[in-house]
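# Starting from these lines, generate the structure:
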Amino acid sequence: MTRNGQAWVKFLLTRVGGAIVDLAALSAAYVGAFLLRFDFQPPRWGWRDVAFSFITVAVVHFAAFLACGGYSVAWRRFRIRDLVRFCFATAAACVVMTCLRLFLPFESFSHIRPPYSITVITFFLATVTVTGWRVLWSWIALSRINDEKLLERAVRTMDAASALEFFHNRTVLVTGAGGSIGSEIVRQLSAMNVAKLVLIERCEKALYDIDRELHGLGFTDYVPLMKDVASESAMAEVLEKYRPEVILHAAAYKHVPMVEANPEEGWRNNTEATARLAALAVKFSVRRFVLISTDKAVNPVSVMGRTKLAAEQEVMKLNGGVCSFCAVRFGNVLGSSGSVVPLFREQIAKGGPVTITDERMKRYFMSISEAVGLVLQAATRSECAIYTLDMGEPVKIVDLAEDMIRQMGYKPYVDIPIVFTGMRPGEKLFEELDISEKSAYRTDMAKIYITKEK
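From the prediction side, this is the model:
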């Protein structure tokens, strides 16, 4: 069966399941109406006739739910407009039942015309029960949405004790401090009793956001600097004034199609700026320099991958003095700017379609916590090396998209279409991790490898 066919089968099964729960909620509301009306005593005509009359009540309510589009709604993604929809449906059912009572006054029709009071009480109780379980389930489903669940493996944990000891009372400079990775590095360092954090970020909005967040945390030992890391004079001034002992270099262009379309700027920012900053680190006696790189630097086919590989080579050739240089290679970081996760989330919120370049596309993924943990661990070590995290098996992008659609309460290919648009310039179908015994050494840190020199 095709993915589309499987999705429709699951769609129908869940809608049938939802209808069964609605039937139970509606029956509870109807029985509750009789109990409230008759002071929790059996009605004078007996529960058997109540059961017969419920058939009409159920048919009218389900017709109203269908007419109002209630079963086109993904009930794990229940919103205010859907609440209004169901309230309108139960109100419409109440009107129909009232009309039946009014225009069918004969006793022989008692099984299809409940008393007015029962109809009104049922309206209030049914509105609460039918919408209530949807609101509750939606809240439960939303509380379970977690990017790390998309990894399809256990999240790797790092040695926090060694990082706490290493960064204690040190001045640390973080470039790209307002980005998704840089800002998380800053957050974690702010809890490690550093002497001072120097934040380098050229985007005013990003710098403002992390500045405001640090204020909210009550952290004051930092300096937010709106500087371009590619400006050698500006960075020399910063290093001379603040004398950082550690540089965590997160600033980079990382969106493959954008760098592919702007190769000169990609080279200037990713390679040349890194080389100049690394040379300044030597000049001002920085103790440790960590370059954040990418798995796309392994046998690169894209401009972005080539710029990061060249950046690795530039910093590694400076080893041998006071400053030790290393690099960490990331896979795709879930939730980071430019990754597919926020893009898919935005597309799903708009009702789709979710766009994927190729159905065969696979990528290695890591969580932001894993990415930052790898950076901080690399800083604490002495090797002048390139570190890579074992990220398990690569994830098919189409599977990731389907999982995200389900997490957000929809059915892939049914509620949210998935469209394949074709590969873009600079893309590979599969990225390479390069942690085989031929290519890398295993370290004493769990699941972290050092790339062998070639």
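# Around residue 279, count how many other residues there are.
17 (other CB atoms under 10 Å). Just so you know, the C-beta spots here come from the backbone N, C-alpha and C atoms, and that holds for glycine as well.
# Give me the pLDDT for the closest residue to it other than its chain neighbours.
Leaving aside its chain neighbours, residue 279 sits nearest to residue 318 (7.0 Å; criterion: CB to CB, 6 or more residues apart in numbering). If you check residue 318, the pLDDT there is 95.
# For residue 318, which residues are in contact?
In this structure, residue 318 makes contact with 278, 279, 281, 282, 325, judged by CB atoms under 8 Å, 6 or more residues apart in numbering.
# likewise residue 30?
By CB under 8 Å, 6+ apart, the residues touching residue 30 are 50, 54, 57, 118, 122, 125, 126.
# Now render those residues as CSV, adding pLDDT, secondary structure and distance to residue 103.
Output for the contacts of residue 30, formatted as CSV (pLDDT from 0 to 100; DSSP: H, G, I helix; E, B strand; the rest coil; distance: CB to CB, whole Å):
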residue, pLDDT, secondary structure, distance to residue 103
50, 82, helix, 21
54, 88, helix, 20
57, 89, helix, 17
118, 88, helix, 17
122, 91, helix, 19
125, 93, helix, 24
126, 91, helix, 22
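# is it fair to say the residue nearest to residue 279 lies in a helix?
No - counting by DSSP: H, G, I helix; E, B strand; the rest coil, one finds residue 318 to be coil, located in no helix.
# Burial check on residue 355, number of neighbours?
15.
# no wait, residue 257
16.
# nearest spatial neighbour of residue 345, skipping sequence neighbours?
residue 404 (6.7 Å).
# The one you found should be in a helix, yeah?
Yes - applying three-state DSSP, one finds residue 404 inside a helix.
# which residues touch it?
Here residue 404 is in contact with 150, 341, 344, 345, 348, 354 (criterion: CB under 8 Å, 6+ apart).
# mind listing which of these are in strands?
Among the contacts of residue 404, the ones falling in strands (DSSP state E) are residue 354.
# Keep only those of the contacts of residue 404 that are in helices.
Of the contacts of residue 404, the ones assigned to helices by DSSP state H are 341, 344, 345, 348.
# Could you export those residues as JSON lines, including pLDDT?
Listed next are these as JSON lines, based on pLDDT from 0 to 100:
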{"residue": "341", "pLDDT": "83"}
{"residue": "344", "pLDDT": "88"}
{"residue": "345", "pLDDT": "84"}
{"residue": "348", "pLDDT": "84"}
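# quick one on the thing from earlier: can you lay out the contacts of residue 404 as a markdown table showing neighbour count and distance to residue 400?
Formatted as a markdown table, the contacts of residue 404 follow (neighbours: other CB atoms under 10 Å; distance: CB to CB, whole Å):
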| residue | neighbour count | distance to residue 400 |
| --- | --- | --- |
| 150 | 20 | 6 |
| 341 | 19 | 8 |
| 344 | 24 | 7 |
| 345 | 17 | 11 |
| 348 | 22 | 12 |
| 354 | 25 | 10 |
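# Residue 243: which of the contacts of residue 404 is nearest?
Proximity of the contacts of residue 404 to residue 243 (CB to CB) peaks at residue 341, which lies at 37.8 Å.
# how near is the closest one to residue 372?
16 Å (CB to CB, to the nearest Å).
# and the gap between residue 318 and residue 120?
For residue 318, the distance to residue 120 - CB to CB - is 81 Å.
# Check residue 415 too.
Separation of residue 415 from residue 120 (CB to CB): 35 Å.
# same thing with residue 137?
Taking CB to CB, one finds residue 137 at 27 Å from residue 120.
# and which of the contacts of residue 404 is nearest residue 185?
For the contacts of residue 404, the nearest to residue 185 is residue 341 (19.0 Å; CB to CB).
# wait, the closest one sits on residue 335?
Yes - using CB atoms under 8 Å, residue 341 makes contact with residue 335 at a distance of 5.3 Å.
# thinking again about what came up before, which two of the contacts of residue 318 lie the greatest distance from each other?
Farthest apart among the contacts of residue 318 - using CB to CB - are 279 and 325, which lie 10.9 Å from each other.
# Now do the contacts for residue 101.
113, 114, 115, 116, 119.
# returning to that earlier point: can you give me phi and psi for the residue nearest to residue 279?
For residue 318, the backbone dihedrals are phi -90, psi 0 (criterion: degrees, to the nearest 10).
# does residue 450 sit in a helix, a strand or a coil?
strand.
# does residue 417 really touch residue 352, like I thought?
Yes - using CB under 8 Å, residue 417 makes contact with residue 352 at a distance of 4.9 Å.
# Which one of those two is surrounded by more residues?
When neighbours are counted by other CB under 10 Å, residue 352 comes out ahead of the other of residue 417 and residue 352, with 19 against 15.
# Which strand or helix spans the more buried one?
Assigned by DSSP states H and E, residue 352 falls within no helix or strand.
# next helix or strand past the helix or strand where residue 266 lies?
If you go by DSSP H and E, residue 266 is part of helix 263-266. Later in the chain than helix 263-266, the nearest helix or strand by DSSP H and E is helix 273-283.
# Could you identify the helix or strand that succeeds that next one?
Assigned by DSSP H and E, the successor of helix 273-283 is strand 288-294.
# relative orientation of that following strand and helix 273-283 in degrees?
Per axes from the mean of the first three to the mean of the last three CA atoms, to 10 degrees, the angle that strand 288-294 makes with helix 273-283 is 170 degrees.
# averaged over its residues, what pLDDT does strand 288-294 have?
Computed over strand 288-294, the average pLDDT equals 94.
# hmm, back to that, residue 104: which of the ones in helices among the contacts of residue 404 is nearest?
Taking those together and measuring to residue 104 by CB to CB, the closest member is residue 348, at 47.2 Å.
# just checking, the closest one touches residue 407?
No - applying CB under 8 Å as the test, residue 348 and residue 407 come out as separate, 9.1 Å apart.
# quick one: the helices in the stretch 301-450 of the chain?
Along the stretch 301-450 of the chain, counting by DSSP state H, counting those that start in this stretch, helices occupy 303-316, 340-349, 368-380, 397-407.
# Which of those sits closest to residue 165?
When the helices of the stretch 301-450 of the chain are ranked by proximity to residue 165, the top entry is helix 368-380, at 7.8 Å, counting by CB to CB.
# Alpha carbons only: can I get the closest one in PDB?
Below are the C-alpha coordinates for helix 368-380, written out as PDB (Å, rounded to 0.1, in the frame of the first residue of the first chain):
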ATOM      1  CA  ILE A 368      20.700  21.700  20.300                       C
ATOM      2  CA  SER A 369      21.600  20.400  23.700                       C
ATOM      3  CA  GLU A 370      23.900  17.800  22.000                       C
ATOM      4  CA  ALA A 371      25.400  20.400  19.700                       C
ATOM      5  CA  VAL A 372      26.200  22.800  22.600                       C
ATOM      6  CA  GLY A 373      27.400  20.000  24.800                       C
ATOM      7  CA  LEU A 374      29.800  18.900  22.100                       C
ATOM      8  CA  VAL A 375      31.200  22.400  21.800                       C
ATOM      9  CA  LEU A 376      31.700  22.800  25.500                       C
ATOM     10  CA  GLN A 377      33.300  19.400  25.900                       C
ATOM     11  CA  ALA A 378      35.600  20.100  23.000                       C
ATOM     12  CA  ALA A 379      36.800  23.300  24.700                       C
ATOM     13  CA  THR A 380      37.700  21.400  27.800                       C
END
